[in-house]
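Enquirer: Sequence and computational prediction follow.
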Amino acid sequence: MTEQARTGGRINGILVASGLWHDIDFARLEILKLLAEHDRVRIRVFEDYENLEALGEADFLISYTCNVVPSLTAQEALRDWVHEGGRWYALHGTNAVLRLMSDGNFGTPDWAPLFMETLGSMFRSHPPIEPYTVTVAEPDHPLVKDVEPFTATDEQYLMRTYGELNVLLESQYGGAAPGFVDDQWESAKHPVFYIHEQGEGAVLYLTLGHCRHHYDMQPLMDYWPTIDRCSWELPVFYTLLRRGISWCIEPVDTASQAARAEAAANAPE
C-alpha cells in the first residue's frame, strides 16, 4: 500500500470476481454498486489474484470467486500483504477449490494451503440449499451490532478452519452433505461471518451469497432451470456487505484524518 498511489484522499481497492458455477456477473455488479457509495474509492477489477503490482498499491481487497486458485507466488504475496496491514473482505466461494471425482461427487483437494490459511478457512461441503438459521455470536461487535438472528436460504458452508477466528455469525448443522466427498457431519456450530487477524491486517469472511443464472453450470449442464439469488434477496445481507466495505476502508480513513489533523496543527498561523 504505497503512499505514492494514494493522493487527494483517494482510497484504492481491488475486486477479484470470477469462477465457476456462480452468477459472477450479478455478484460483481452488486458489489461495484455498493463500492460506488464511497466517492473516495477507486476500484480495479480482475479475474484472478495475479496482478501483484495492483495488490501492492491497494488499500483493500474484496473477492467473490469460486475455484480460482492463486499461484504460489500470489499466495505468498496475499499472505504478506495482509500481514503488513491489508484488509481483505472475502465472500462466499473464495475458499472453495472443487474437483469432480470419478464417482460423481465433488472433492476439495488441498492444493492451496497457504491461500486457505490466510483466509482462515477451506470449503469442504454444504447440504442441499434450504432455509437455515444464522445466529449472532458476538452481538456487541460493530459489524453485527443490532443484527438479529435471521433465516437464510443459501449454501450452508461446512469448512475446515485455520488459526484463531473471531466468529461474528454462525449456524448449526449436523447430517448429510450429498454430492461431496465429505458428506457426513456431526452436529456442530459453523462460522458464517468471521475475522481472521494476521499481523497488522485481517481477513473478513462471509460465507453467504450464493447466486446462479441459467448458464452458470456449463459445461456440466447446458441450462440451469432457475435463477438463484439466495441471501442477495435479504436486506440484512446488504447490511453485512456495506459494513464489510466500511471495515475495509476504515484504516485509510483513520490515517487520513490523522494526517489532516497533523497538517492543521503544523500549519503556520
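Expert: All right, it came through fine.

Enquirer: Show the contacting residues for Leu72.
Expert: Contact partners of Leu72, counting by Cβ atoms under 8 Å, 6 or more residues apart in numbering, are Leu114. All C-beta atoms are positioned from the backbone trio N, CA, C, and that covers glycine.

Enquirer: What separation do you get for it and Phe115?
Expert: Per Cβ to Cβ, to the nearest Å, Leu72 is found 9 Å from Phe115.

Enquirer: wait, what's in contact with the spatially most central residue of the chain?
Expert: Here the mean C-alpha position of the chain is nearest to the C-alpha of Ala90 (Cα atoms, centre = their mean), at a distance of 1.5 Å. Ala90 is in contact with 62-63, 119, 203-206, counting by Cβ under 8 Å, 6+ apart.

Enquirer: ok, 7 Å please
Expert: 63, 119, 203, 205 (Cβ atoms under 7 Å, 6 or more residues apart in numbering).

Enquirer: what's the spacing between stretch 190-206 and its chain's center?
Expert: Stretch 190-206 sits 9 Å away from the centroid of its parent chain (Cα atoms, centre = their mean, to the nearest Å).

Enquirer: Quick check: buried residues in that stretch?
Expert: Within stretch 190-206, the residues scored as buried using 16 or more other Cβ atoms under 10 Å are 190-196, 198, 201-206.

Enquirer: can you list the residues that contact it?
Expert: Applying Cβ under 7 Å, 6+ apart, the set of residues contacting stretch 190-206 is 82-91, 118-121, 134, 144, 157-159, 161, 163, 165-171, 173, 207-208, 240, 244, 247.

Enquirer: Could you pick out the buried ones from those residues?
Expert: Among those, those classed as buried by neighbour count (16+ other Cβ under 10 Å) are 82, 86-91, 118-121, 134, 144, 157-159, 161, 165-171, 173, 207-208, 240, 244, 247.

Enquirer: Among those residues, which lie within helices?
Expert: When DSSP state H is applied, the buried ones among the contacts of stretch 190-206 are split such that 82, 118-119, 240, 244, 247 fall in helices.

Enquirer: Out of those residues, which comes closest to Leu35?
Expert: Distances from those to Leu35 were compared by Cβ to Cβ; the smallest belongs to Gly244, at 10.9 Å.

Enquirer: so how far is Ile195 from the closest one?
Expert: Following Cβ to Cβ, the distance that separates Gly244 from Ile195 is 10 Å.

Enquirer: Pro128: how many residues sit nearby?
Expert: 10 (other Cβ atoms under 10 Å).

Enquirer: where does it land in three-state SS?
Expert: Local secondary structure at Pro128 is given as coil here, using DSSP: H, G, I helix; E, B strand; the rest coil.

Enquirer: Excluding residues flanking it in the chain, which one is nearest it?
Expert: Nearest residue to Pro128, sequence neighbours excluded (Cβ to Cβ, 6 or more residues apart in numbering): Pro178, at 7.0 Å.

Enquirer: Next: Ser121.
Expert: Met159 (4.4 Å).

Enquirer: was I right about the one you found contacting Phe123?
Expert: Yes - in this structure Met159 lies within contact range of Phe123 using Cβ atoms under 7 Å: 5.6 Å.

Enquirer: Determine the residues that are contacts of both of the two.
Expert: With contacts defined as Cβ under 7 Å, 6+ apart, the residues shared by Met159 and Phe123 are Asn95.

Enquirer: State whether the residue nearest to Pro128 is indeed within a helix.
Expert: No - assignment of Pro178 by three-state DSSP gives coil, placing it outside any helix.

Enquirer: roughly how far is stretch 218-238 from the heart of the chain?
Expert: Between the centre of stretch 218-238 and the centre of its chain there are 17 Å (Cα atoms, centre = their mean).

Enquirer: let's have the chain start at 354 instead
Expert: Done: numbering now begins at 354, and the last item shifts to stretch 571-591.

Enquirer: I'd like the mean pLDDT over that stretch, please.
Expert: Averaging the model's pLDDT scores along stretch 571-591 yields 97.

Enquirer: Fine, thanks again, bye for now.
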